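Engineer: below are the sequence and a predicted model for it; my questions follow.
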Amino acid sequence: MENFIFHCPTKIIFGRGTDQMVGQETALLSRRILLHYGSSSIKKTGLYDRVTTALKTAGVSYFELGGVKANPTLDLAQEGIRICREKGIDFILAVGGGSVIDSAKTIAVGVPYQGDVWDFYSNKAQITNAIPIGVVLTIPAAGSEASERGVITREDSQLKRVIVSPFIRPRFAILNPELAYTLPPYQAACGCVDIMSHMLERYFTNAHPVELTDHLIEGGLQTIIHNAPIVLAQPGNYDAWAEIMWTGTLAHNDLMGTGRIGDWATHRIEHEISGIYPEVAHAAGLAMLFPSWMRYVYQHDMKRFVQFATRVWNVPENIGNDETIALVGIDRLEEFWKSLGLATRISAAGISNARFEEMAAKCTENDTRTQGNFVKLNQSDVLKILMMAY
């Protein structure tokens, strides 16, 4: 087990009706905020009215910025930075899923910074401050509600990049599983794949032994495997959504990564896909890539892939040798994602392979850096995985 520091100060407020507590929680931190959200869905469901009423009742004045899209953009975040500076705003309330929260994180670090906020994403500057964030989560998926990571897309260069900083962990996150009832089946499926991917990135590690977190991740994966089909068949099943929502938070608040060195190559490769093709949901891209990444690297640590197959997918140990068991485990993951309605090949998204070399070059900065830790991938490796996934 590797040395680690685990500090996750996000206050989690979980359960039925908890979104009504947003006013009192926000008022403890600020009385002048930016209300940040995505499409009109929160207005259609009545959540917008409940949130704004709660804010007014608590004496919180708010300015609004909606319009966050999947794969949030730098341009909108820069507009949020401008509004916050102009109006003297010192707190952001993100109402939505990972895209809204990530956009809020970009705004949060940009407000006190005198330079271009993209400097943080291009490693030209270090984050030393941010205005605080609160969250009302509507989509269990990205885990951004309690993580120290944020993602943004710069549309003019088609670059999707990540920041990591303790300054961007939300101060509180309200998790009401009832808010997931109205999610379209495709979004629900994508959310479950996103959650599983966060656990898989941590599971495939070169750190040994990591027995406790192995079991935490395996349990988390089995929880999603059990409950994802339930919510697709029964969108109003509170208990199933509760399990998924809480697993999503724990999958990405770094608890499951303690003592481990995660991989993250698949996420980095996927960012090149959705950076160029923003219509591709992040989780949809992960579903297309992860099985191919696994088949590319499994021989590096066959025993870990055997453990994944037998513990997570209950693959019998007597079906063949270690390689057979490992490959069956990968097959079962892929078949499960297909059963949720997601494609596991890039070509199914209508994307050609014409820009794969560009993606591989961007991902590795023209072969000057590798991606991943389980197996370090160079530009050629990334290109091969893209072609396998095609």
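Structural biologist: Great, that's in hand.
Engineer: other SSEs contacting the one helix or strand in the chain whose mean pLDDT sits lowest?
Structural biologist: In the chain, no helix or strand scores lower on mean pLDDT, DSSP states H and E than helix 41-44, which sits at a mean of 94. Identification of packing neighbours for helix 41-44 by 3 or more CB pairs under 8 Å, 6 or more residues apart in numbering; DSSP states H and E yields helix 47-57. Bear in mind the C-beta positions are built from the backbone N, C-alpha and C, glycine included.
Engineer: how far off centre is stretch 84-104?
Structural biologist: Distance, stretch centre to chain centre, for stretch 84-104: 17 Å (CA atoms, centre = their mean, to the nearest Å).
Engineer: and if you look at stretch 367-386?
Structural biologist: Using CA atoms, centre = their mean, the distance from the centre of stretch 367-386 to the centre of the chain it belongs to is 21 Å.
Engineer: same check on stretch 207-218?
Structural biologist: Taking the mean of its C-alpha atoms, stretch 207-218 sits 21 Å from the chain's own mean (CA atoms, centre = their mean).
Engineer: cool, and stretch 201-211?
Structural biologist: Going by CA atoms, centre = their mean, where stretch 201-211 is centred and where its chain is centred differ by 20 Å.
Engineer: show me which residues of it are buried.
Structural biologist: Buried positions in stretch 201-211, judged by neighbour count with 16 or more other CB atoms under 10 Å: 201, 202, 203, 204, 205, 207, 210.
Engineer: how about the contacts made by the first one?
Structural biologist: The contact partners of residue 201, by CB atoms under 8 Å, 6 or more residues apart in numbering, come to 262, 263, 264, 266, 267.
Engineer: check the fourth one too.
Structural biologist: Contact analysis of residue 204 by CB under 8 Å, 6+ apart lists 263, 297, 301, 304, 374.
Engineer: just checking, which of these belong to helices?
Structural biologist: Assigned to helices by DSSP state H, the following of these qualify: 297, 304.
Engineer: let's see if you can find the most crowded of the contacts of residue 201.
Structural biologist: Going through the contacts of residue 201 with other CB atoms under 10 Å as the criterion, the one with the most neighbours is residue 266, at 26 neighbours.
Engineer: can I take it that it is in a strand?
Structural biologist: No: counting by DSSP: H, G, I helix; E, B strand; the rest coil, residue 266 is not found in a strand; it is helix.
Engineer: model confidence score at it, please.
Structural biologist: In the prediction, the pLDDT value recorded for residue 266 is 98.
Engineer: ok, back up a step: what's the closest of the contacts of residue 204 to residue 10?
Structural biologist: Residue 10 has its nearest neighbour among these in residue 263, at 24.1 Å by CB to CB.
Engineer: all helices of the stretch 1-150 of the chain, in order?
Structural biologist: Assignment of helices within the stretch 1-150 of the chain using DSSP state H, counting those that start in this stretch yields the ranges 22-27, 41-44, 47-57, 74-87, 98-110, 118-121.
Engineer: which residues sit against the second one?
Structural biologist: The reference is to helix 41-44. 48, 49, 51, 95, 96, 138, 182.
Engineer: would you convert the contacts of residue 201 into a markdown table that also reports distance to residue 63?
Structural biologist: Written out in a markdown table, the entries for those read as follows (distance: CB to CB, whole Å):
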| residue | distance to residue 63 |
| --- | --- |
| 262 | 37 |
| 263 | 40 |
| 264 | 35 |
| 266 | 38 |
| 267 | 33 |
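Engineer: nearest to residue 155, out of the contacts of residue 204: which one, please.
Structural biologist: Using CB to CB, residue 263 is the member of the contacts of residue 204 that lies nearest residue 155, at 27.8 Å.
Engineer: quick one, what contacts that closest one?
Structural biologist: Counting by CB under 8 Å, 6+ apart, residue 263 touches 201, 202, 204, 205, 372, 373, 374, 375.
Engineer: can you redo these as CSV with pLDDT and distance to residue 27?
Structural biologist: What follows is these, written out as CSV (pLDDT from 0 to 100; distance: CB to CB, whole Å):
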residue, pLDDT, distance to residue 27
201, 98, 37
202, 98, 36
204, 98, 43
205, 98, 42
372, 98, 44
373, 98, 42
374, 98, 45
375, 98, 49
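Engineer: just flag the most distant two among these.
Structural biologist: Pairwise distances across the contacts of residue 263 peak at 15.1 Å for 202 and 375 (criterion: CB to CB).
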